[in-house]
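**Student:** Sequence plus the predicted model coming up.
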Amino acid sequence: MNANNLIRHNRGVTNTQILIALVAVLVVVFVAIYLLRPRPEPIPAPGRPLETVQPAKSAEERGDTARSIIERLEANPAGPDYAEAHAAAQQFQADGRQADAQLLYFFAARGGYGLAAFDLATVNDPNHHTSASSLVAAPDPFQAYRWYTAARDAGHPGASTRLEELHAWAESASLAGDDKAEQLLLQWE
């Protein structure tokens with residue numbers, strides 16, 4: 001066998017090996033794609049009802065009145081009157097209309113109105129949360145931090161004190177093993 005035949009023979013083996021390797025890689029890729037593809041949700045068994053979320057039944061539960069107020073305030077050519085939105089939110093909260101109150105507090109707080117941001121923080125603050133008059137089922141210290149910070153930045157005089165109290169709560173709860181409190185402490189670092 002001469003040198004040219006030997007080179008051609010080795011080249012054929014190399015090409016075959018490359019082809020086999022390429023086929024193996026393609027098989028692995030297709031198997032991985034098949035195994036990692038999203039699976040469709042299973043179809044419920046016959047006679048088993050589908051799980052649904054019940055929509056709010058009344059305009060009060062949906063916050064329709066607050067939505068109307070927000071639309072009217074946003075249509076004002078001079079810009080929204082966040083003080084009016086805040087006052088309406090306080091009245092709705094006093095009347096037990098929590099959805100309307102929540103929407104209006106959020107609208108005014110997002111607009112930079114410090115009093116609304118402070119009130120929104122208060123209902124989320126674990127130090128001040130009461131289930132009887134709260135807008136939320138459970139306190140959310142992250143939201144309290146967010147809105148106290150916004151209130152402080154808007155010049156609310158009590159927001160800095162509340163942030164200090166929230167920080168003290170987070171330190172105490174963190175020592176007791178509360179992971180959310182520990183994560184909240186990272187906001188101050």
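**Tutor:** Ah, there it is. None of these values were measured; they are calculated from a predicted model.
**Student:** what about this protein, any weak spots by pLDDT?
**Tutor:** For the chain, applying pLDDT under 70 flags the ranges 1-13, 34, 37-62, 132-135, 189.
**Student:** How is this structure divided into domains?
**Tutor:** Listed by automatic domain parsing, the domain ranges of the chain are 1-33, 61-188.
**Student:** what about the helices in the chain?
**Tutor:** Ranges of helices within the chain are 3-36, 59-62, 64-74, 82-94, 98-110, 114-124, 141-153, 159-175, 179-185, based on DSSP state H.
**Student:** Output the ones you listed as a markdown table; include the columns distance to S131 and mean neighbour count.
**Tutor:** C-beta here means a position set from N, CA and C on the backbone, and glycine is covered the same way. Written out in a markdown table, the entries for the helices of the chain read as follows (distance: least, CB to CB, whole Å; neighbours: other CB atoms under 10 Å):
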| stretch | distance to S131 | mean neighbour count |
| --- | --- | --- |
| helix 3-36 | 44 | 10 |
| helix 59-62 | 18 | 15 |
| helix 64-74 | 21 | 16 |
| helix 82-94 | 14 | 19 |
| helix 98-110 | 11 | 23 |
| helix 114-124 | 11 | 25 |
| helix 141-153 | 16 | 21 |
| helix 159-175 | 17 | 16 |
| helix 179-185 | 18 | 15 |
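**Student:** now those as JSON lines including distance to T130?
**Tutor:** Formatted as JSON lines, the entries for those read as follows, by distance: least, CB to CB, whole Å:
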{"stretch": "helix 3-36", "distance to T130": "48"}
{"stretch": "helix 59-62", "distance to T130": "21"}
{"stretch": "helix 64-74", "distance to T130": "21"}
{"stretch": "helix 82-94", "distance to T130": "12"}
{"stretch": "helix 98-110", "distance to T130": "12"}
{"stretch": "helix 114-124", "distance to T130": "9"}
{"stretch": "helix 141-153", "distance to T130": "14"}
{"stretch": "helix 159-175", "distance to T130": "15"}
{"stretch": "helix 179-185", "distance to T130": "19"}
